[in-house]
Every structure is written in C-alpha cells, then in structure tokens.
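1. no letters, just coordinates:
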C-alpha cells in the first residue's frame, strides 16, 4: 500500500502503523494527549566523579545514580536522586540484591544495569525502548519487555539489534539465577 508516493520512495505506508497501535493499546486518545501534553519535560543532567549513571527519559524523569556510603560487596546499595516526570524531586535507595527484573521500575533497572556493567547499545542503554516511556514508580516485567523487543526486531529483520537485546536479556536472567 502506498500513500501519496511514500511507498515509491521505499517506505511502505504500513511500516510504522503497528508500533503506534501497540503503544496506544488500551488508552483513549484523550488520555494519550493529556499524558504527553500535561507532562513537564525537565532534564537535569548531573555529572560527578562518584556517579555511576546519569540521564533521563521521554517522560521528563531525570536522575543520577551513585553507590550509597554504606554499600558493601554483599549488599550493593545505590542512591537514585533526581526529578520525576511531574517535576517533583525524589531520592530512592535501591538494594541491588532485591531488584527483580520481572517486576521492576526503570530506576531499579538502570541501577542494576550500572552495577552489572551491562554493555549498552550505542552507549546509552541495555534496556528495551519502551523503558523510555516509564515514570518513576511504574513497574513492569522487563523480561517480557525484552521478549517483545526481540520479536519486534526480528519482525523488522534487525538481526544485530535482536541479538543485542538477547545478550542484554541474558545478562539479567543470569543475575536472577544467581539469587
């Protein structure tokens, strides 16, 4: 199917339609618009020698991670401090051994990623793209998210990207199996 010559340039009209439909599933149009329009985009990128990660995502959530003063090898503990998607400041303590990738927040997974030193695609993240739409307290099954991302990449014939997400997912499975 081609629309207004788009298909003739090598871009089939259906190419991006499936992802949009999946991301919007179960949400009314008004809820989607209110979520995007009503969310302040605040980015505070910090940099300090003892930080192990700093950044944010598309919701406006921005924060940094550093090891807590009482962190030990047996109980690695990370402090997350920043601004949530509503512009409110937060500070959370994350005990790495308690992180469960099958029910985690994006902040917990970033802490786990930084602690484990998981190789990052393009230098940014080892987490699936959907993590970029999560708020501070949103919990999800990241292992299911990885499976979906791998399936999407295979469907799009993105074999290298699918292999990368497979590698990342395996790193988190290995972490869970060590518990």
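-> Thanks, I have it. For clarity, every value in this text was computed on a predicted model and none was experimentally measured. Numbering: from 1, shown residues only.
2. going forward, measure contacts between C-alpha atoms and count neighbours the same way
-> Noted.
3. the strands in the protein, which residues?
-> Ranges of strands in the chain, per DSSP state E, are 51-56, 62-67, 77-83, 89-95.
4. of all the ones you listed, which one is nearest residue 162?
-> Each of the strands of the chain has some distance to residue 162 by CA to CA; the shortest is strand 51-56, at 23.6 Å.
5. may I ask which helix or strand of the chain has the lowest mean pLDDT?
-> Lowest by mean pLDDT, DSSP states H and E among the helices and strands of the chain is helix 17-24, with a mean of 44.
6. who wins for proximity to residue 165 among the strands of the chain?
-> Among those, strand 51-56 sits nearest to residue 165 (CA to CA), with 19.9 Å.
7. which residue is the nearest non-sequential neighbour of residue 179?
-> Excluding the flanking residues, the one nearest residue 179 by CA to CA, 6 or more residues apart in numbering is residue 97, at 7.5 Å.
8. and the most centrally placed residue in the chain, how far from residue 67?
-> The residue lying closest to the centre of the chain (CA atoms, centre = their mean) is residue 131, at 2.6 Å. Separation of residue 131 from residue 67 (CA to CA, to the nearest Å): 22 Å.
9. and residue 91, how many residues sit next to it?
-> Using other CA atoms under 10 Å, residue 91 has 14 neighbouring residues.
10. contacts only, for it.
-> By CA atoms under 8 Å, 6 or more residues apart in numbering, the residues touching residue 91 are 79, 80, 81, 82.
11. which of the residues you listed are buried?
-> Among these, those classed as buried by 16 or more other CA atoms under 10 Å are 79, 80, 81, 82.
12. how far away is the first one from residue 156?
-> Just to be clear, that refers to residue 79. According to CA to CA, residue 79 and residue 156 sit 38 Å apart.
13. try the last one
-> For residue 82, the distance to residue 156 under the criterion CA to CA works out to 36 Å.
14. in the lengthiest helix in the chain, which residues are buried?
-> The residue-count maximum for a helix in the chain (DSSP state H) belongs to helix 159-178. Within helix 159-178, the residues that qualify as buried by neighbour count (16+ other CA under 10 Å) are 161, 162, 164, 165, 168, 169, 171, 172, 175.
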